[in-house]
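please work out how this folds:
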Amino acid sequence: MAKQKPTFQPTWSWLIARPVCFLGFGFGTGLAPKAPGTVGTLPAVFLAGLLLGCGMSKFGLALLCIILFIIGIWICNETERALGVHDYGGIVWDEIVAMMLVYACVPQGLGWWAIAFAAFRFFDAVKPPPIKWFDQRVSGGFGVMLDDIIAAIFAILTVHIIGWIA
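Here you go, the predicted model:
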């Protein structure tokens, strides 16, 4: 299924005028002209690192991700409504929350985080079954969030399998 495009090009000033869209676009990272999903995932690296580095437990980060997932349903719904398009590529709140969940569930360390990032981006971009099924059939903000959480689960399992084999 080809992604739809809005009837206008979202801009920085458009985001600043709409705080919920600013969040939906991952603090502006979703405006990246190339690979907005990958660029939009980068704030998760910073946020997870900051929170864990400040003493938040991995369990606490996972619980925060549940809250951010629930809030994200509303954020993504409102951003879709403002754009007039379902699951526009620039909406990256879902990538941020899912990637933070991955970091809450994998071993710490630059190497593990790099593997986790690559695994998540692979599953989010390729959308193997059942991710693609959910992506195509579940709409609205919940659908936007859900396929990324499933991709996150695949990434978490992949990292743990690599850790078990290595």
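
next up, the contacts around the spatially most central residue of the chain.
In the chain, the centroid-proximal residue (CA atoms, centre = their mean) is residue 95; its distance is 0.7 Å. If you count contacts by CB atoms under 8 Å, 6 or more residues apart in numbering, residue 95 has them with 26, 37, 40-41, 44, 124, 148. C-betas here are computed from N, CA, C, even on glycine.

name the residues of stretch 129-147 that are buried.
131, 134-135, 141-147 (16 or more other CB atoms under 10 Å).

same deal with stretch 114-132?
Residues 115-117, 119-121, 123-124, 127, 131 are the ones in stretch 114-132 that count as buried (16+ other CB under 10 Å).

where do the helices sit along this protein?
Secondary structure of the chain (DSSP state H): helices located at 12-16, 19-24, 36-53, 58-83, 93-105, 110-126, 131-137, 140-165.

dump those helices to JSON lines, plus distance to residue 5 and mean pLDDT.
Putting the helices of the chain into JSON lines (distance: least, CB to CB, whole Å; pLDDT from 0 to 100) gives the following:
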{"stretch": "helix 12-16", "distance to residue 5": "15", "mean pLDDT": "97"}
{"stretch": "helix 19-24", "distance to residue 5": "16", "mean pLDDT": "98"}
{"stretch": "helix 36-53", "distance to residue 5": "12", "mean pLDDT": "97"}
{"stretch": "helix 58-83", "distance to residue 5": "9", "mean pLDDT": "97"}
{"stretch": "helix 93-105", "distance to residue 5": "18", "mean pLDDT": "98"}
{"stretch": "helix 110-126", "distance to residue 5": "18", "mean pLDDT": "97"}
{"stretch": "helix 131-137", "distance to residue 5": "17", "mean pLDDT": "93"}
{"stretch": "helix 140-165", "distance to residue 5": "16", "mean pLDDT": "97"}
